[in-house]
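Q: I'll drop the sequence and a predicted model, then ask my questions.
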Amino acid sequence: MNPNPTTTALRAGWTRGRVELVQSFTNGADLLSHFLWPVLMLAVMYFMRDSAFGSQGLLLGTLALPSILGMNAAMGMLSMSQVLTAEREDGTLLRAKATPHGMRGYFTGKIITVSCGLVADLAIFLVPALFLIEGLSVADAGSWLTLAWVLVLGMLATLPFGAVLGSVFTSTRAQGIIQLPVLGLIAISGIFYPITALPEWLQSVAQVFPIYWLGLGMRAALLPDSAVTVEIGESWRQLETVGVLGPGSCSASSSRRSCCAGRPAASRGRAWPSVARRRCGGWAEGARPCGRRLARMSVYEEEIGALQGGSADLRQFDGKAVLVVNVASKCGLTPQYAGLERLHEQYAARGFSVLGVPCNQFMGQEPGTSEEIAEFCSATYGVTFPMTEKVDVNGDGRHPLYTRLVDTADAEGHTGDVRWNFEKFLINGSGEVVARFGPRTEPDAPEVVAAIEKVLPA
């Protein structure tokens, strides 16, 4: 039986691609190109690693690392374009075209060379960067699965476009025309600085191109869920990422939609299998508790320790209104302590109290001991309102108090995970959660004051 010519061409392309890939790591010039860009990016990361962004306390280095991965993945488009243009000039493309089924084999080889070389370049950057940058969420398999499918969709979206560009430019010199627009897109795509810091019209332009979406997908994979606060709409927008990078992935999108129903935006940045597993196992972040006993139970019946030992005894707040706030001493929002103390002093005589709950889950911004936290609050902000022990407000170790609180939606409809330090929950005298306010909502904001006055017992 004669071998299928298409199969033969594809097999030949596979072999050629592997040979060219190996040669690129033995040739001095190609080896330099593999290492130069990752080394330059590592140098940039080193100088950015301790710089904070705005008042959120997020580190620019932590935000930028996954974004740079996404940017480099998008650059596969340029690599494909430049290779095709160069080989059209030297006649390689013409010889492939003159060979029966030669173009199939040629493009198969180029896809192998460019895509595998791209993955190798990303690994050269990522492995040392993981030791350089702190605050990444890389401990669970879901993060790596998300990174993998974002990378695959990104290459499927960008490599064909690179082949089209390679057919448009007639010389390698002409390829330089595309460099400036690409650099401009990198500048506005949220790679080295959160895109929400840019004007809205620039944000709209960036969202037209895959560089932004690849960066967003990588951030969803490698950053803690709390970092979503600096994204557009405070969401990882996984469905949109799939739609932009993989327009043929309708079934994946629909299954993703069903798995994510009812989950908070901040927790949508993990791989689909882990999301489905959690929901099927009966646990979903942000889902309403199915036990009716909890729905009737007063929040004040929960038990939690006091900051300096013993019990905080929430039953002391029966008949009073309480604003529960997860606090931190080294956050950009820490000055909110002053506003919280003013609220406490203003309404204490009318049956109101602030309750501070120290938490170290957001970029490690509450690292101190109970004594250090108490000393800081008293000496810096004159805090007199009660404080609890340090607890987790998210994840498997979430304190039962917060299991009760996070089911409440804020004004934007967000339920589930606490997104950052200084998120606020208002409880009425019956122990019912009646309002939720985001971290950046100041304690003296009109909506907070109005909600408090509405539930004051006196």
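A: That came in fine, so what should we check first?

Q: okay, CA-based contacts and neighbour counts for the rest of this
A: Will do.

Q: so where do the strands sit in this protein?
A: Counting by DSSP state E, the chain has strands at residues 52-53, 58-59, 321-327, 352-358, 424-427, 433-437.

Q: Pull the contacting residues for V393.
A: Applying C-alpha atoms under 8 Å, 6 or more residues apart in numbering, one finds that V393 lies in contact with 326, 359, 361, 399, 402-403, 417-418.

Q: quick one: low-confidence parts of the stretch 1-150 of the chain?
A: 1-2, 53-58 (pLDDT under 70).

Q: How many neighbouring residues does G243 have?
A: G243 has 16 neighbours, counted by other C-alpha atoms under 10 Å.

Q: For it, give its distance to M75.
A: To M75, G243 is 20 Å away according to C-alpha to C-alpha, to the nearest Å.

Q: What of M363?
A: On the measure of C-alpha to C-alpha, M363 and M75 end up 30 Å apart.

Q: Quick one: closest of the strands of the chain to G17.
A: Among these, the nearest to G17 by C-alpha to C-alpha is strand 58-59 (39.7 Å).

Q: thinking again about what came up before, with respect to the strands of the chain, which exhibits the lowest mean confidence?
A: The stretch with the lowest average pLDDT out of the strands of the chain is strand 52-53, scoring a mean of 67.

Q: on that earlier part again, kindly state which of the strands of the chain is positioned closest to A29.
A: Taking C-alpha to C-alpha, strand 58-59 is the member of the strands of the chain nearest to A29, at 35.1 Å.

Q: Now S79. Nearest residue, chain neighbours left out?
A: Nearest residue to S79, sequence neighbours excluded (C-alpha to C-alpha, 6 or more residues apart in numbering): V114, at 6.9 Å.

Q: For the one you found, give its distance to T26.
A: Look at V114 and T26: by C-alpha to C-alpha, they are 16 Å apart.

Q: picking that back up, dump the strands of the chain to JSON lines, plus distance to S298 and mean neighbour count.
A: Listed next are the strands of the chain as JSON lines, based on distance: least, C-alpha to C-alpha, whole Å; neighbours: other C-alpha atoms under 10 Å:
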{"stretch": "strand 52-53", "distance to S298": "39", "mean neighbour count": "17"}
{"stretch": "strand 58-59", "distance to S298": "35", "mean neighbour count": "22"}
{"stretch": "strand 321-327", "distance to S298": "13", "mean neighbour count": "26"}
{"stretch": "strand 352-358", "distance to S298": "16", "mean neighbour count": "25"}
{"stretch": "strand 424-427", "distance to S298": "10", "mean neighbour count": "25"}
{"stretch": "strand 433-437", "distance to S298": "9", "mean neighbour count": "21"}
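
Q: quick one: which of those strands is nearest L93?
A: strand 58-59 (46.5 Å).

Q: what residue ranges in the stretch 351-458 of the chain score low on pLDDT?
A: For the stretch 351-458 of the chain, the stretches flagged by pLDDT under 70 are 458.

Q: what comes into contact with stretch 195-213?
A: Stretch 195-213 is contacted from outside by 70-71, 74, 154, 157-158, 185-186, 188-191, 230-232, 241, 244-245, using C-alpha under 8 Å, 6+ apart.

Q: just stretch 118-125 next, same as before
A: For stretch 118-125, the external contacting residues (C-alpha under 8 Å, 6+ apart) are 34-35, 38-39, 41-42, 69, 72-73, 76.

Q: What residues of it count as buried?
A: For stretch 118-125, a neighbour-count test (16 or more other C-alpha atoms under 10 Å) marks 118, 121-122, 124-125 as buried.

Q: could you redo those residues as CSV and give each row distance to T334?
A: Output for the buried residues of stretch 118-125, formatted as CSV (distance: C-alpha to C-alpha, whole Å):
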residue, distance to T334
L118, 42
D121, 40
L122, 37
I124, 38
F125, 34
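
Q: Filter these down to the ones in helices?
A: 118, 121-122, 124-125 (DSSP state H).

Q: Please identify which of the residues you listed is nearest to S143.
A: Proximity of these to S143 (C-alpha to C-alpha) peaks at L122, which lies at 15.8 Å.

Q: all helices for the stretch 351-458 of the chain, in order.
A: Secondary structure of the stretch 351-458 of the chain (DSSP state H, counting those that start in this stretch): helices at 370-381, 400-405, 446-455.

Q: quick one, which of those helices is nearest to I178?
A: Taking the helices of the stretch 351-458 of the chain one by one with C-alpha to C-alpha, helix 446-455 is closest: 49.4 Å.

Q: one step back: ok, V114 and T26, which is more surrounded?
A: A count of neighbours by other C-alpha under 10 Å puts V114 above the other of V114 and T26, at 21 against 11.

Q: what about the more buried one, distance to W14?
A: Relative to W14, and taking C-alpha to C-alpha, V114 is found at 12 Å.

Q: And for M103?
A: 13 Å.

Q: circling back: let me have the strands of the chain in a markdown table, adding distance to G135 as columns.
A: As requested, the strands of the chain are exported to a markdown table (distance: least, C-alpha to C-alpha, whole Å):
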| stretch | distance to G135 |
| --- | --- |
| strand 52-53 | 12 |
| strand 58-59 | 8 |
| strand 321-327 | 19 |
| strand 352-358 | 19 |
| strand 424-427 | 24 |
| strand 433-437 | 25 |
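
Q: Tell me which of those strands sits nearest to T7.
A: With C-alpha to C-alpha, the closest approach to T7 among those belongs to strand 58-59: 50.3 Å.

Q: Check the most centrally placed residue in the chain and give its pLDDT.
A: Of all residues in the chain, the one closest to the mean position by C-alpha atoms, centre = their mean is A220, 3.2 Å from it. Per-residue pLDDT puts A220 at 92.
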